[in-house]
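Trainee: Below is the structure, and that's it, no one-letter string:
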């Protein structure tokens, strides 16, 4: 039955995607809910929350306030918080409650800006869509509302757009990615939204290149290209040959000398893997597919995802999954020799005799269950990890 989930937990919702993008930027993020949605984000979707000083607050909406439409009480609490926290902006993030009662976000934003002079962003999220939709909305809002044409200050050479713990994990992945790309470009790299400041966002138009590392960052990158003529690339540096290819594409865009290309992968014993399936966010999964093909010589690799698949990044056999039944049917039909995905997918896949399942945690799926097990695997370390994981994977 479409939409019936008997094994998988609820995925990170759209409001968590918005909050994850805005988390580090010095704003006051207010989720318009009774308290459950805020607790869901801070407790289960955001590993940076513990020990942080980020201002993600709950509106504490109550039934009587919803019935009477008493916005003034909320606005007074908001103003008190702003006097204490001194945020750079305010963001109002929706939940199922304001969806049901028809909250006018834009009217609230106009009132907030008139009273405080701060920019106010609004996001018509409702908890019924997945995190990637909310994250895309937030990245686009940053690009549209805060990027300036000619800001003062030192600008980065390159912007990374689309980075959140929901896709990259929280154990240093963004820091290692920034370091790798900074070494390649020879200058500072701004990472939206794991490390970039509000001022970095404002200066983003002066960068020479945008690197999109998740589907959530595509809308913002396309807006920046249309508005400021900024080129963008899409990809993640996973594996030996794919990393070299991506870094050379970056060097070419920045008019730097390329590194020598590597020869095609030798089939070795990985030729025993006839068909492989990668389940996850599209850009990450495409990068893993490139590693399988170029480093391990596995030609037949399909990407499947419960989340958005952009048509420009999609191959003919890639599949969007509307529910658990789609994943069950796909793996029963294709009988893959290798499946890579979040550990929670293991119960839903059928693989070929002597096939293997390699766990690759996706925080938006399994949340706290595995967020300490995620891996920052950029460059050649990924190919070595993948080979070792295939060797050690459990036979089904």
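Mentor: Received, thanks. Please read all numbers here as calculations on a predicted model, not as lab measurements. Numbering: from 1, shown residues only.
Trainee: Pull the distance from stretch 97-107 to the chain's centre.
Mentor: Distance of stretch 97-107 from the chain centroid (CA atoms, centre = their mean, to the nearest Å) equals 26 Å.
Trainee: One more: stretch 117-132?
Mentor: Per CA atoms, centre = their mean, the centroid offset for stretch 117-132 relative to its chain is 15 Å.
Trainee: That stretch: which residues count as buried?
Mentor: Within stretch 117-132, the residues that count as buried by 16 or more other CB atoms under 10 Å are 120, 121, 122, 123, 125, 126, 127, 129, 130, 131, 132. Where you see a C-beta, it was placed from the backbone N, CA and C, and this is true even at glycine.
Trainee: how much space between the closest residue to residue 162 other than its chain neighbours and residue 288?
Mentor: With sequence-adjacent residues excluded and distances taken as CB to CB, 6 or more residues apart in numbering, residue 162 is closest to residue 217, at 2.5 Å. Going from residue 217 to residue 288 by CB to CB, to the nearest Å gives 18 Å.
Trainee: Also residue 321?
Mentor: 17 Å.
Trainee: Settle it for me: which of these two has more neighbours?
Mentor: Using other CB atoms under 10 Å as the criterion, residue 321 and residue 288 rank with residue 288 on top: 27 against 19.
Trainee: Pop out the phi and psi values for that one.
Mentor: Phi and psi for residue 288, reported as degrees, to the nearest 10, are phi -70, psi -40.
Trainee: That one and residue 278 touch, don't they?
Mentor: Yes. Between residue 288 and residue 278 there is a contact under CB atoms under 8 Å: 4.9 Å.
Trainee: residues shared between the contacts of those two?
Mentor: Shared contacts of residue 288 and residue 278 (CB atoms under 8 Å, 6 or more residues apart in numbering): residue 340.
Trainee: Among the buried residues of stretch 117-132, which one sits closest to residue 330?
Mentor: Among the buried residues of stretch 117-132, residue 130 lies closest to residue 330 (CB to CB), at 18.9 Å.
Trainee: Tell me the pLDDT of the closest one.
Mentor: With respect to pLDDT, residue 130 has a value of 98.
Trainee: so who does it touch?
Mentor: Here residue 130 is in contact with 11, 12, 13, 14, 17, 306, 307, 308, 364 (CB under 8 Å, 6+ apart).
Trainee: List the ones among the residues you listed that fall in helices.
Mentor: Among the contacts of residue 130, the residues falling in helices (DSSP state H) are 14, 17, 364.
Trainee: Out of the residues you listed, who's the most crowded?
Mentor: residue 17 leads the ones in helices among the contacts of residue 130 on contacts (other CB under 10 Å) with 31 neighbours.
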